[in-house]
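> Okay, sequence plus prediction incoming.
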Amino acid sequence: MGVNVLDPSHNSILDKKQTLSIFPVRDDEPEYAKLRVDIKDNTSHQTNYYGNRISLVALDQTESLVINGVDEIGENANRNKQHAFYFNADNCTGCHACESACSEKNDLAPHLSFRSVGYVEGGTYPNYQRMNISMACNHCDDPVCLKGCPTRAYTKHSEYGAVIQDPDICFGCGYCTWVCPYNAPQLDTTAGQVEKCNMCVDRLEVGLKPACVSACLGNALDFGVAEELPDNREQMNTNLPGFPDPEITQPNIRFQQTCGMPGEVTRTDSMPIKYERDKAGVFKPVVDQKAGKKKYWSIPRLSSKENPLVVFTLATQASVGVFLTLFLGNTFNVTAINAIVDSVIYLPLLLASLGLVGLGLVMSTVHLGKPLRFYRGFNNLRHSPVSREGLGIVIFMACVGLHFLAMLPSTHWLIAYLPLIKPLQVPASILAGLMGGLAVPAGIIALYYMYRCYCIRARPFWNHWQAATTFFGNMFNLGALVTSLLAVPYLLYMDESFTGLLTVLGLLMAIGIAIEGIGLYFHARAMRAVENEGAASHYIQCTTFGLTYYARNGLIIFNLLLLSWLLISGLENGVGLLGWVLLVLSASLVALVGRALFYILVVPTTMPGAFFWKNKAFEQHARDIGLAELPQVGVLPDSH
Amino acid sequence: MLFGRSKKNPIKLADKGVVQWKYATCGYCSVGCSMEVGTNSDGLAVTTRGVGAADVNRGKLCIKGLTEAEILQAAGRGSEPLIRDDISESWQSTDWNTALDKTADEFKRIQEKYGRDTVAVVSTGQIMTEEFYTLGKLVRGVIGTNNYDGNTTLCMASAVSGYKRSFGSDGPPGCYGDFERTACLMAFGSNLPEQHPILYWRLKEALEKKKFPVIVVDPRVTMMAQMADIHLPITPGTDLVLLNSLAHVIIEEGLHDKQYIDGQCNGFEALSALIADYDPVSASKICGIDEQIIRKVARTYGNAGSAMCIWTMGINQSTHGSDGVCAINNLNLITGNIGKPGGTSLSITGQCNAMGTREWSSCSGLPGYRALENAEHREEVGKFWNIDPAFFPEKRGLAQTDIFPAIEAGKIKALWIVATNPITSMPDSGRIRKNLEKLEFCVVQDSYVDAESNQYANVYFPAGVWAEKTGCFTNTERRVNITRQVQKPFANSKPDLWIFNQLAKRWKQSEIMNFPARAEEVFDEMKQLSKGQGRMLDISGMSYDKIELARGLQWPMREGDPKGAERLYTDGRFQFPDGKARLLALAYKENNERPDNEYPFWLNSGRVVEHFHTRTKTGKVGNCNKFSPTPYMEMNPDAAESLGVEHMQYVRLVSKRGDAVVMVQLTQRVPANMVFIPFHFYNCVNRLSLGLLDPYSRQPAYKQCAVRIEYCDQQEAANINIARRNF
């Protein structure tokens, strides 16, 4: 197929060149579809708004993008420069041409969209204003998707600065969809992978603007080298009502918005967020009490697609807790723990720890779109907390496993059956100590990075140290709880006293509950005060899940009081045992409900949606009534 | 490579495998965009793109055009002719001969038994001009019923009527190029960004080159209203009052073009006398636009030098639709804004080939803007078709909106519905259903077997969609553009032209007539018929190849003309015998159903950009349908609060005619005493609408009636919603 080559100095067609490009420039290609090529290095900006260089490499250092296996280098004279979208909000009419041109070019099913148009509105009839916002990937200078992706499916190319994701590498964990503030990566749960905007690099290579920009019918969208103001435009703003804080990712999009806006604009989707203009003239998100102030239980809604992660995180924390309790308790010569470690029940306890972490790993793998690609989870240790968390957990599990094996030669009843292993006792116990000693930091590091996974600026409800207190609190809490579940029946069976053990475990639990409680207290206080989506999460927490939330908080206090009473009264006899059973049940409930709330409540800093499209409440309604079964509704039904 | 990857990931982008691009004209609306349909190695249409060199769309397409390739393979396409004796029975597949024989036999039986005109034909604005012409020949010259009309009565009849009354002929006098030449644009009930997005872009481009005032008259704050310099949120149905008052101010302040009026118009005295009553103060009490704004708009328009009006359904679909069009024409005639660059009355038409049916289908007369009432025309066409001119009735029969009530009265016994869906599109659909049940025989010809009107058919003809056929559309600016067959018709569906020709063979009369099989031969026949001294609608200079090469040609284009004419009436000569246009004195009479205590809300209906008509196409294209997959209603939040209605709740709307269930979208886009519902959805807004008829055009006033809002059980409502959404 022939392609017309643009002459950079005249912006005219130079000659024809053989190319395998899917989108060659046509003879009658309209001017608006062509990229500006008259940008001279000496006249244009050297750095962008964020202070980063616009020329990413020298032009002669750029390489072929190898699009669909074609090893050509594009003719675009600016292919070494960071490119950016330009959106003139004054002009967008919400006609969906950009979205459909994108879906058409990228052959997208209705439930996916690399670009979406939503809106905010304000004023009073007839002095009413709707501002549409068309948004795709902003090919950020600081691509948090790339950093977060554990599989290294993302590449930020020095050609155009395009951030491109490869679905063939992706294993569908969806972490990039969590960290992106603009909802650019699209998790396709049917295909089990993420896909996203590719900047139409094939079009850029032949000097054409992306499909969405070329299709725009309001003259709202434009595209070019970063910081180059399009003709007839006056502003190069980095902010717009409804647009997340650009400091999160340094997005390559600039805005114009000169039409006077009302002081408050609202969203038509169900997100309880509206935007108010502050004194500096910047629109800030505030809570929009769309669901009133009434409190509900909403118990069925606690179950979500993140259920596997509820199990994964709790099981992993419990596993680390069990091992640390036993190993460190034994190391520091806590009598009650020494007794358990020296007893027959130690190996079953180690197996429980292994089983829990194994369950956790299974759950986190099940959660993937493509579970068989689980091994790719460690590909991005350089940047991704997910990779580090995964590696930490695997090392912890391996160490505990080896520790378990190394403990076998020291096990009296086993030696009776297998005397052969007795000579291994000395080296094995050294190995056991070594492995146990390694498992401790590995477990802590794993939980630390588990916490780091939730330090996401695009998800303010999670982005708080409370995630750490709840994870480590549950480590103490659940570690003690699980240990007691095996050790106490054993002690009862052996007719030995459980008081000493339960006192130690009770103290650990008290620490865990207290840490979590303090974290929750400060978290709630912070979320009430923040000027972001965290406040909306807290609003949902206090209304839709209000009764559940307060009941959970009440139970935490109840658990602490019950535990204090048990510790003071000595944890003896039937009463102590009964109290402990009650505590175990109550603490398990708190852990489960608390973790479910943690996942359900998060409100990401996504772009405003429309009434049907990108409206979570409508999507849920469509699933509830069966409308989602029609593929043309664009809402994926619940997987059965 | 940034972030230190040592090896690049190769990039894989979607490739639809297009091996050939074939030329077509978009089959949705009347803007008439040139497109190329890409076919893959299996010959299947997989994508579309705008043609860069086409003057109309200059490479652009809207959401519907961009996704149009999908409608060829969409769900619900009819694959075989279907037949059944009674509509209570289930369909049986049959072959074409049986279906066509049955239809012809039934038509003949019923005509013999009850009279010629008891068979009615309701056609469309969707099929090719060559097909319209052939259908007209079949109905007027062979079947011989006078009750033959198109669904254009639902959308453009008022514009047609208004043009005829003012200028002596149908035919929009302006062109899209006028956007770039005008100094002031006033839009009445026309929401370009949603209804005609490509025209909106053309307007936007013109405004970016040279800013001029844009005035938008619309009771709703559409995106068009929002971008206007002056938005007039008018009381529904009162455009005529506003227009009379604008004329009042223009004449009072001497802003009219006396020379043009004297030379080119009749009726100025009567008009002056009438509009004396429409001073801005009196007018403001009726139309809700205050005196000062009326004066400001009149001055802006009158002083512009060249000014143009565009309008769509806001004018046409009202009880004063035809009068409203004439009043727009009055405004432009008294300011000398007809036939000059940037000065025009441009009705923005609806369907892709509404113009084609107006020009060539013989619905309202005879082909080529000829009239049944004119003996010369009957003679001319009779001779051309080789039939006795006495076979033609001497007066036009019933319009579509009168055909259905005539079924009620027993005057129509058989109905042939071609590419339209009256169950969803006609006002007061409860009544339409009862009408259809009374028919002895009904045949539906449509590309989609699931078009709801098929519920009432005894025979179903599966037809090809636009790009499965060859032929022409005429757009809003009189531009004839061509579609080449891109792929073969789906399954055993057939081009409409083939169906008409085959049906014609069932009558002996056709044997002495000419029914060409190829579209291009039909076009050549039309060319012959379009010639004649002083004929405006002349296409004799066109040919298929010339049309494709030019990406569309405007008529008139007489034999030997290098190109078509951009504008009509540039010489100031109109189509009345004396060559003068008529200024009409149009008194406003309040005759709408208005909100009252029992039904306190105005019901307004309209279109959304992602859907076309009754969704038989766009309802199946996910990337269109997903933006509004269920019916909804825009309602003012203040009104909602007083009723306890909440955002995203279902409500039941009740009018004097029926009820409908919709989901509420609260927005200040609409006033507190009005609700707005998109009309596209089955069993929805037209269960409520009244549709009083315009006395001249017989077009229904869809946009003015009264409703009340009732609470309904949310689960019940959801069940109703899902039950009515098969697509």
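Received, thanks.

> Which strands or helices does the helix ranked longest in chain A pack on?
Of all the elements of type helix in chain A, the one with the most residues (DSSP state H) is helix A:499-529. If you count contacts as 3 or more Cβ pairs under 8 Å, 6 or more residues apart in numbering or on different chains; DSSP states H and E, helix A:499-529 packs onto helix A:307-331, helix A:335-341, helix A:466-493, helix A:533-542, helix A:546-568, helix A:573-600. (Each C-beta comes from the backbone N, C-alpha and C, glycine too.)

> one more time with 7 Å, if that's ok
When contacts are defined as 3 or more Cβ pairs under 7 Å, 6 or more residues apart in numbering or on different chains; DSSP states H and E, helix A:499-529 sits against helix A:335-341, helix A:466-493, helix A:533-542, helix A:546-568, helix A:573-600.

> quick one, what contacts the residue nearest the centre of chain A?
Nearest to the mean C-alpha position of chain A, by Cα atoms, centre = their mean, lies residue A:178 at 3.0 Å. Shown in contact with residue A:178 (Cβ atoms under 7 Å, 6 or more residues apart in numbering or on different chains): A:456, A:459.

> Tell me the confidence at it?
Here the pLDDT value assigned to residue A:178 is 97.

> For it, give its distance to residue A:112.
Counting by Cβ to Cβ, to the nearest Å, the gap from residue A:178 to residue A:112 is 17 Å.

> got a list of contacts for stretch A:213-220?
Outside stretch A:213-220, the residues that touch it by Cβ under 7 Å, 6+ apart are A:32-33, A:87-88, A:91-93, A:95, A:97-98, A:101, A:134, A:208, A:221-223, B:60, B:62, B:66, B:197-198, B:200-201, B:204, B:208.

> Please pick the buried ones from the residues you listed.
Buried by 16 or more other Cβ atoms under 10 Å in any protein chain shown: A:32-33, A:87-88, A:91-93, A:95, A:97-98, A:101, A:134, A:208, A:221-223, B:60, B:62, B:66, B:197-198, B:200-201, B:204, out of those.

> Could you tell me which of these are located in helices?
A:97-98, A:101, B:66, B:197-198, B:200-201, B:204.

> Could you pick out the residues of the stretch 51-200 of chain A near chain B for me?
A:56, A:63, A:65-69, A:93-97, A:100-101, A:103-107, A:109-110, A:121, A:123-126, A:128-130, A:146, A:155-158, A:164, A:166, A:168-169, A:198 (Cβ under 7 Å from any Cβ of the partner chain).

> Can you turn the buried part of the residues you listed into a PyMOL selection?
Buried residues among those (16+ other Cβ under 10 Å), as a PyMOL selection:
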select buried, chain A and resi 56+65+67+93+94+95+96+97+100+101+103+104+105+106+110+121+123+125+126+128+129+130+146+155+156+157+158+164+166+169+198
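
> tally of neighbours for residue A:268?
Residue A:268 has 21 neighbours, counted by other Cβ atoms under 10 Å in any protein chain shown.

> repeat for the one 10 residues further on
Residues within reach of residue A:278, counting by other Cβ under 10 Å, total 12.

> Might one say that it is in contact with residue A:284?
Yes - counting by Cβ atoms under 7 Å, residue A:278 does reach residue A:284; the two are 5.3 Å apart.

> where's the residue nearest to the centre of chain A relative to chain B, distance?
19 Å (Cβ to the nearest Cβ, to the nearest Å).

> Looks to me like that residue is in a strand.
No - Residue A:178 is assigned helix when assessed by DSSP: H, G, I helix; E, B strand; the rest coil, not a strand.

> Next, give phi and psi for the closest residue in space to residue A:238 that isn't next to it in sequence.
Once flanking residues are discounted, residue A:238 sits nearest to residue A:246: 4.4 Å by Cβ to Cβ, 6 or more residues apart in numbering or on different chains. Phi and psi for residue A:246, reported as degrees, to the nearest 10, are phi -70, psi -20.

> quick one: residue A:246 and residue A:237 touch, right?
No - the criterion here is Cβ under 7 Å, and residue A:246 misses it with residue A:237 at 9.5 Å.

> The two: who's more crowded?
Legend: neighbour count by other Cβ under 10 Å for residue A:246 and residue A:237, higher for residue A:246 (22 against 17).

> any idea how far the more buried one lies from residue B:449?
Distance from residue A:246 to residue B:449, by Cβ to Cβ: 52 Å.

> go on, residue A:172?
Per Cβ to Cβ, residue A:172 is found 39 Å from residue B:449.

> Please apply the same query to residue B:289.
From residue B:289 over to residue B:449 the distance is 47 Å, taken as Cβ to Cβ.

> Equivalent analysis for residue B:36, please.
29 Å.

> Could you do residue B:388 as well?
39 Å.

> out of these two, which sits in the more crowded spot?
Between residue B:388 and residue B:449, counting by other Cβ under 10 Å, residue B:449 is the more crowded of the two (19 against 12).

> Next step: the residues of the stretch 51-200 of chain A next to chain B restricted to strands.
A:121, A:123-124, A:128-130, A:155-156, A:164 (DSSP state E).

> Go through those and say which is closest to residue A:541.
Nearest to residue A:541 out of those is residue A:121 (Cβ to Cβ; 26.7 Å).

> who's that closest one bridged to?
For residue A:121, the beta-bridge partners are residue A:130, residue A:266 (DSSP bridges).

> My guess is it contacts residue B:667. True?
Yes - contact criterion Cβ under 7 Å: residue A:121 and residue B:667 qualify, at 6.3 Å.

> Could you list the low-pLDDT ranges of the chain?
With no chain named, the answer covers chain A. Scanning chain A for pLDDT under 70 picks out A:1-22, A:39-44, A:639-640.

> that's the other chain; I wanted chain B
Within chain B, the segments meeting pLDDT under 70 span B:1-6.

> max-length helix in it?
Chain B, longest helix under DSSP H: helix B:96-114.

> Please list the outside residues in contact with that one.
For helix B:96-114, contacts defined as Cβ under 7 Å, 6+ apart pick out B:81, B:83, B:118-119, B:143, B:413-414, B:440-441, B:443, B:459, B:461, B:502-503, B:506-507.

> Output that helix as PDB, nothing but the C-alphas.
The C-alpha trace of helix B:96-114 is given here as PDB (Å, rounded to 0.1, in the frame of the first residue of the first chain):
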ATOM      1  CA  TRP B  96     -40.600 -14.700  -2.800                       C
ATOM      2  CA  ASN B  97     -43.100 -15.900  -5.400                       C
ATOM      3  CA  THR B  98     -45.600 -17.000  -2.800                       C
ATOM      4  CA  ALA B  99     -45.200 -13.800  -0.700                       C
ATOM      5  CA  LEU B 100     -45.500 -11.600  -3.800                       C
ATOM      6  CA  ASP B 101     -48.400 -13.500  -5.300                       C
ATOM      7  CA  LYS B 102     -50.300 -13.500  -2.000                       C
ATOM      8  CA  THR B 103     -49.700  -9.700  -1.700                       C
ATOM      9  CA  ALA B 104     -50.900  -9.000  -5.200                       C
ATOM     10  CA  ASP B 105     -53.900 -11.300  -4.900                       C
ATOM     11  CA  GLU B 106     -55.000  -9.700  -1.600                       C
ATOM     12  CA  PHE B 107     -54.600  -6.100  -3.000                       C
ATOM     13  CA  LYS B 108     -56.600  -7.100  -6.100                       C
ATOM     14  CA  ARG B 109     -59.300  -8.900  -4.000                       C
ATOM     15  CA  ILE B 110     -59.700  -6.000  -1.600                       C
ATOM     16  CA  GLN B 111     -59.700  -3.300  -4.400                       C
ATOM     17  CA  GLU B 112     -62.300  -5.300  -6.300                       C
ATOM     18  CA  LYS B 113     -64.400  -5.800  -3.200                       C
ATOM     19  CA  TYR B 114     -64.200  -2.400  -1.500                       C
END
